[in-house]
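J.: can you look at this prediction? I've put the sequence above it.
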Amino acid sequence: YMKVSLENGIMSIRERIDRERICGEADVCMIPFEIILEEPLEVYRGKIEIRDVNDNAPTFPQSSIVLQISEANAPGVRFRLESADDPDIGTNTVAAYTISSNEHFSLRTQKTLDGIVIAELLLEKSLDRELQSSFQLFLTATDGGIPRRTGTAEILITVLDINDNPPVFDRDIYRGSISENAPHGTLVMKLKGNDLDEGQNAKIIYSFSHVALRKVRNFFSLDPETGDIRVGGQLDFEEANSYSLDVEVVDHGSPAMTGHSKVLIKVIDVNDNAPEIKMTSASNIIPENAPPGTLVKLISVLDRDSGDNGHVRCTVPRNIPFELQTASDHYKLITSEMFDREAISEYKIIISAWDLGSPSLSANITMRITISDINDNAPRFAESSYNIYVMENNAPGASIFTVTATDPDLDQNSRVSYAFLENHVINSPASTYLTINTMNGTIYALRSFDYENLKNFQIHVQARDAGVPPLSSSAKVNVIILDQNDNAPVIVSPSEHSGSAAVASVPTSAGEGYLVTKIMATDADSGQNARLMYQMVKSTDPSLYKVGQISGEIRTARNILQSDTAVKSLIILVKDNGQPSLSSTVTVNIKVLENSTEGIVERSNLLMDPEYVSDPNVYLIVIFSCTSVVFLLIIVLLIGIKCKQDRNNIQAYNSRSYCYNPGDSHGAFNRRLAMEETLRNPGTGRVVRVSDLNQYSACLSPESAKSDFLFLKPCGASTS
């Protein structure tokens with residue numbers, strides 16, 4: 001019926017409104033409406049009253065009203081006339097009746113408590129059937145509207161004889177009530193009429209007037225013999241809460257006479273209508289960060305019943321973060337707590353409403369509220385720190401590890417990308433060593449690692465989501481390089497000179513177990529790969545010398561015999577414990593000398609001269625040494641004193657020099673406590689223990705820790 005302009009909010013009529021069709025005979029005609037504002041979401045309710053205009057003229061049920069009046073009736077007798085019907089209300093309904101002029105009849109009207117005007121024909125002058133047997137009059141009904149409208153019916157009066165007592169009801173107005181759920185056939189009330197005549201003139205029948213019959217024929221029935229009014233159809237308090245009926249009683253006289261009365265029936269409401277729940281909302285989606293008090297839905301609850309039967313209550317479950325807020329004529333569903341979509345992403349809300357009737361009727365509806373995601377969770381790694389073990393000599397470009405971070409958010413907020421934070425490895429960016437797949441977190445090595453140069457390093461991996469604003473977290477990744485047996489042992493002492501075999505000497509007086517020399521080797525690998533074992537693979541006389549498998553010491557296996565040759569050649573194999581095992585060999589020529597002095601001089605000269613020294617040269621050196629024996633003894637004495645002073649510092653690595661001076665083979669050496677020399681291979685961290693039973697002199701310069709080479713020199717030799 002109405003429309004509202006969205007631009008200016010003006011409400012206008014969509015089509016012609018017929019009040020009588022919408023509200024019937026109701027005194028007040030209201031059309032309810034709702035106004036919904038979207039931003040902010042709000043509902044306002046209103047009602048439009050449809051006011052009656054005088055657009056309907058009064059009409060009579062029939063165009064002719066037939067009356068039969070006995071000539072015996074005395075002046076003053078009244079005859080009820082059929083009332084005109086006007087669907088308008090108030091002043092627009094029937095307000096007056098008029099009749100065409102006549103000397104025998106006049107018109108009298110009266111208004112009931114309901115405001116209905118009743119017209120009665122009054123006999124002013126006695127009738128004489130012999131003079132005039134019939135009359136034709138016109139009854140005009142006029143309403144009170146502006147302009148006034150009228151309706152006319154013809155009154156045809158036939159003058160009859162005798163039956164001069166009309167039947168009458170025992171009450172002018174009958175009042176009663178009936179429940180709206182009364183079943184068909186329920187007795188509403190009993191009418192009682194009486195006729196003072198006798199015989200056929202006293203027999204009466206009951207009926208509804210024509211106007212009343214049109215209104216109530218579907219709801220009530222009237223027994224013509226007994227006058228019982230019963231329920232004839234389904235009553236509905238919400239459609240009509242009362243009925244006003246005109247009843248009449250007619251005798252069997254000739255002419256028949258009629259009596260009239262009014263029946264008022266009130267319909268009693270019962271709780272037969274459950275509440276109706278209606279909701280208004282723009283969306284069923286709420287953001288995860290919606291604050292408490294956010295409006296979700298506008299809820300209207302209607303009950304067509306009246307009184308307590310129409311009073312309703314509405315609730316939602318208590319175990320959800322929502323609550324109902326009561327407004328003037330509706331409810332607001334608002335949030336009561338903050339949401340966590342990762343815990344609960346959707347809520348199923350049951351809204352229940354019930355009235356206060358007895359028994360109470362209820363209704364409920366179920367609605368689903370979806371929580372939309374916001375970026376409130378940073379990606380999380382399974383661990384805060386990862387250890388990656390990479391074998392050295394790895395293939396560049398190969399995958400070495402995969403880190404994974406999870407984000408409980410949705411869609412774009414859960415898309416994780418990976419990157420390295422600013423890290424430096426040996427003053428170089430981490431990106432020169434490793435790269436990471438930004439999509440799946442797979443880490444690739446960009447170069448082949450060398451355990452001997454880089455044993456471990458640390459990087460930080462960042463996981464970052466694609467939300468707005470983006471959130472991130474990081475994890476520490478420790479890259480540990482595992483050693484591979486890729487370095488063969490390096491023999492430090494005795495060393496071969498220009499491809500010539502190393503030289504060692506032993507006096508003829510040496511007995512079984514005499515230490516000839518010690519093979520010192522180192523391996524740049526670590527662990528089992530650096531664990532060395534010594535083995536004599538070839539010897540000119542295998543029975544004379546033996547090699548310590550662990551210590552690398554070459555000792556005599558028996559006493560030296562006169563028949564033994566002067567020079568024995570040994571090939572010593574040094575191998576590590578790696579898989580596969582790597583090895584190195586050294587050739588050692590051992591000379592048997594007749595005295596210790598000769599051996600010392602010869603060994604010193606061999607150590608000082610990087611070239612191989614021939615046997616004639618050795619003899620010349622021995623002759624020269626003999627001529628200078630006194631001088632050499634003095635030098636040996638001074639060196640012995642120096643070594644005695646440094647004895648307490650023999651274990652310190654930062655001393656100026658380490659010296660060991662073996663004495664002769666007859667007791668001076670045996671009277672000293674066993675002492676171990678410590679030789680450190682530069683850069684390897686390996687410590688080589690040297691037994692003091694060695695039969696040669698060794699010195700380490702103060703700068704030997706900075707050199708990749710180890711020089712063996714006679715004790716007391718210049719270090720320049």
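T.: Received it, and whenever you're ready, just let me know what you need.

J.: this protein: helices as residue ranges?
T.: Ranges of helices within the chain are 19-23, 210-216, 596-608, 615-627, 629-645, based on DSSP state H.

J.: just give me the lowest mean pLDDT stretch among the ones you listed.
T.: Ranked by mean pLDDT, the helices of the chain end with helix 596-608 in last place, scoring a mean of 46.

J.: what about stretch 95-115, start to end distance?
T.: 9 Å (CA to CA, to the nearest Å).

J.: pLDDT on it, on average?
T.: 88.

J.: mind listing what's buried along it?
T.: For stretch 95-115, burial by neighbour count (16 or more other CB atoms under 10 Å) applies to 95-97, 99, 102, 104-105, 107. Every residue, glycine included, has its C-beta placed from N, CA and C.

J.: tell me the one of the residues you listed nearest Leu356?
T.: Leu356 lies nearest to Ala95 out of those, by CB to CB, at 43.0 Å.

J.: distance of the residue nearest the centre of the chain relative to Asn413?
T.: Centroid-nearest residue in the chain, with CA atoms, centre = their mean: Glu342, separated by 2.3 Å. To Asn413, Glu342 is 10 Å away according to CB to CB, to the nearest Å.

J.: could you do Phe33 as well?
T.: To Asn413, Phe33 is 43 Å away according to CB to CB.

J.: so the two - more neighbours on which side?
T.: Using other CB atoms under 10 Å, the more surrounded residue of Phe33 and Asn413 is Asn413, with 21 against 14.

J.: test my guess that that one contacts Ala378.
T.: No - in this structure Asn413 lies outside contact range of Ala378 using CB atoms under 8 Å: 10.3 Å.

J.: give the residues shared as contacts by these two.
T.: 407, 465 (CB atoms under 8 Å, 6 or more residues apart in numbering).

J.: just to revisit the earlier point, so who does the residue nearest to the centre of the chain touch?
T.: So Glu342 contacts 377, 408-409 (CB under 8 Å, 6+ apart).

J.: just Gln325 next, same as before
T.: Counting by CB under 8 Å, 6+ apart, Gln325 touches 331-334.

J.: just name the shakiest helix or strand of the protein by mean pLDDT.
T.: For the chain, the helix or strand with the lowest mean confidence is strand 677-680, at a mean of 36 (criterion: mean pLDDT, DSSP states H and E).

J.: could I get the contacts of Glu342 as JSON lines with neighbour count and distance to Ser12?
T.: Formatted as JSON lines, the contacts of Glu342 follow (neighbours: other CB atoms under 10 Å; distance: CB to CB, whole Å):
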{"residue": "Asn377", "neighbour count": "20", "distance to Ser12": "53"}
{"residue": "Pro408", "neighbour count": "15", "distance to Ser12": "53"}
{"residue": "Asp409", "neighbour count": "24", "distance to Ser12": "50"}
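
J.: with adjacent residues omitted, what lies nearest to Asn163?
T.: Distance criterion CB to CB, 6 or more residues apart in numbering; nearest residue to Asn163, sequence neighbours excluded, is Gly253 at 2.9 Å.

J.: burial count for the residue lying closest to Leu121 once chain neighbours are set aside?
T.: Distances taken as CB to CB, 6+ apart place Phe79 nearest to Leu121, at 4.3 Å, with adjacent residues excluded. Neighbourhood size, Phe79 [other CB under 10 Å]: 21.

J.: likewise for Ile639?
T.: Ile639: 18 neighbours (other CB under 10 Å).

J.: also Ala382?
T.: Neighbours of Ala382 (other CB under 10 Å): 10.

J.: excluding chain neighbours, give the residue nearest to it in space.
T.: In space, Ala382 is closest to Thr404, 6.5 Å off (CB to CB, 6+ apart).

J.: what do you get for Leu264?
T.: Nearest residue to Leu264 in three dimensions, chain neighbours excluded: Arg175, at 4.9 Å (CB to CB, 6+ apart).

J.: who touches that neighbour in this structure?
T.: Counting by CB under 8 Å, 6+ apart, Arg175 touches 263-264, 266.

J.: top of the residues you listed by neighbour count?
T.: Top of those by neighbour count (other CB under 10 Å): Val263, with 24 neighbours.

J.: close enough to count as contact, that one and Tyr174?
T.: Yes - here Val263 reaches Tyr174: they are 4.5 Å apart, a contact under CB under 8 Å.

J.: and for the two, which residues touch both?
T.: Going by CB under 8 Å, 6+ apart, residues that sit against Val263 and also against Tyr174 are 189, 191, 247.

J.: could you dump those to CSV with pLDDT, distance to Thr280 and neighbour count?
T.: Output for these, formatted as CSV (pLDDT from 0 to 100; distance: CB to CB, whole Å; neighbours: other CB atoms under 10 Å):
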residue, pLDDT, distance to Thr280, neighbour count
Met189, 93, 46, 18
Leu191, 93, 51, 19
Val247, 90, 49, 22
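
J.: closest one of those to Gly227?
T.: Closest to Gly227, out of all of those and judged by CB to CB, is Leu191, at 3.5 Å.

J.: what's the closest one in contact with, if anything?
T.: Contact analysis of Leu191 by CB under 8 Å, 6+ apart lists 169, 174, 206, 222, 227-229, 247, 249, 261, 263.

J.: make TSV from those and add distance to Lys47 to it.
T.: Converted to TSV, the contacts of Leu191 look like this (distance: CB to CB, whole Å):
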residue	distance to Lys47
Phe169	41
Tyr174	35
Tyr206	42
Leu222	38
Gly227	42
Asp228	41
Ile229	35
Val247	36
Val249	44
Ser261	38
Val263	32
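
J.: which of these fall in strands?
T.: Among the contacts of Leu191, the residues falling in strands (DSSP state E) are 169, 174, 206, 222, 228-229, 247, 249, 261, 263.

J.: out of those residues, which end up buried?
T.: Using 16+ other CB under 10 Å as the burial test, these include 169, 174, 206, 222, 229, 247, 249, 261, 263 as buried.

J.: the fifth one and Val249, how far apart?
T.: The reference is to Ile229. Separation of Ile229 from Val249 (CB to CB) stands at 13 Å.

J.: do the same with the fourth one
T.: Taken as CB to CB, the spacing of Leu222 relative to Val249 amounts to 10 Å.

J.: got any residues that touch both of those two?
T.: Counting by CB under 8 Å, 6+ apart, the residues touching both Leu222 and Val249 are 191, 206-207.

J.: nearest to Ser384, out of the residues you listed: which one, please.
T.: Nearest to Ser384 among those, with distances taken as CB to CB, is Leu191, at 96.2 Å.

J.: now that closest one: phi and psi?
T.: phi -90, psi 150 (degrees, to the nearest 10).

J.: intersection of neighbour lists for Glu342 and Asn413?
T.: Asn377.

J.: mind listing what Asn181 touches?
T.: Shown in contact with Asn181 (CB under 8 Å, 6+ apart): 235, 270, 272.

J.: switch these over to TSV; also include neighbour count, pLDDT and distance to Leu67.
T.: As requested, those are arranged in TSV below (neighbours: other CB atoms under 10 Å; pLDDT from 0 to 100; distance: CB to CB, whole Å):
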residue	neighbour count	pLDDT	distance to Leu67
Leu235	22	88	35
Val270	16	89	44
Asp272	16	84	45
